[in-house]
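> quick one: sequence plus predicted model below, questions after.
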Amino acid sequence: MIRKKETKKDENLDIDFGMGKISLGGLFAGIGKLAELAEKMNEAGGEIKKEGEIDLSHLKKGMKGVFGFSVKNMAGGKQVVEPFGNIKKTPQGPRVEEEREPIIDIFDEKDELKVYAEMPGVNEADIKLDLKGDILDIRAVTGDRKYHKEVLLPSKVTAEAPVPSYKNGVLEVKLKKCP
């Protein structure tokens, strides 16, 4: 028996990532196919970022869907795909959340880790950091801008408080590595 998949209106929105149009419902399936594209990344400096925005005010006044992904080449030729934004994959299909996941970059230096999070539109005083073992929890709420991300750190860090700085929408967090 062949069953026709039912789709919701919002799953049929077409989004152009510069690689051809992708439907919102197919966005998450398409991310899994990015390994082929990642092989071409070396020509682009080892990283590709694509992002976009969808007006969803027909669902809720002022609501916007923010989405994107970052694909990076890591040591050993491994590719890492990291989605960001406020459109989440759920068993019921794509869902728009109020909180956005910021784009995160981590630099593992000799004595410290540097974590960068793009969070435009928030006040520095509204940024909250919580370090629990090897997980850094980043949260910020200013007006209608809400960000949240749990970052798994690649190295063990000391229990010392993270040292944050925020400038031009980018949060930098320095963490001392365990000796």
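Structure received.
> show me where this protein dips below the pLDDT cut-off.
1-64, 70-81 (pLDDT under 70).
> endpoints of stretch 125-134, how far apart?
Using CA to CA, to the nearest Å, the end-to-end distance of stretch 125-134 comes to 24 Å.
> show me this structure divided up by domain.
1-97, 102-179 (automatic domain parsing).
> list the backbone torsions phi and psi for Asp126.
Main-chain torsions, Asp126, degrees, to the nearest 10: phi -90, psi 0.
> tally of neighbours for the closest residue to it other than its chain neighbours?
Using CB to CB, 6 or more residues apart in numbering and skipping residues adjacent in sequence, the residue nearest Asp126 is Thr142, 4.7 Å away. Just so you know, the C-beta spots here come from the backbone N, C-alpha and C atoms, and that holds for glycine as well. Thr142 sits with 15 neighbouring residues when counted by other CB atoms under 10 Å.
> check contacts around Thr142.
Gly121, Val122, Asn123, Asp126 (CB atoms under 8 Å, 6 or more residues apart in numbering).
> next one: Arg100
Listed by CB under 8 Å, 6+ apart, the contact set of Arg100 reads Val66, Phe84, Gly85, Asn86, Arg145, Lys146, Tyr147, His148.
> wait, a strand at it?
Yes. Checked against DSSP: H, G, I helix; E, B strand; the rest coil, Arg100 lies within a strand.
> list the contacts for Leu152?
Neighbours of Leu152 in contact, by CB under 8 Å, 6+ apart: Asp134, Ile135.
> any idea how far Pro162 is from Gly85?
Using CB to CB, to the nearest Å, Pro162 is found at 24 Å from Gly85.
> quick one, which of these two is more surrounded?
Each of Pro162 and Gly85 has its neighbours counted (other CB under 10 Å); Gly85 has more, 21 against 16.
> next one: that one from Gly133, what distance?
Taking CB to CB, one finds Gly85 at 27 Å from Gly133.
> so which of the contacts of Arg100 are in helices?
Among the contacts of Arg100, DSSP state H puts none in helices.
> by neighbour count, which of these wins?
Neighbour counts for the contacts of Arg100, by other CB under 10 Å, peak at Tyr147, which reaches 24 neighbours.
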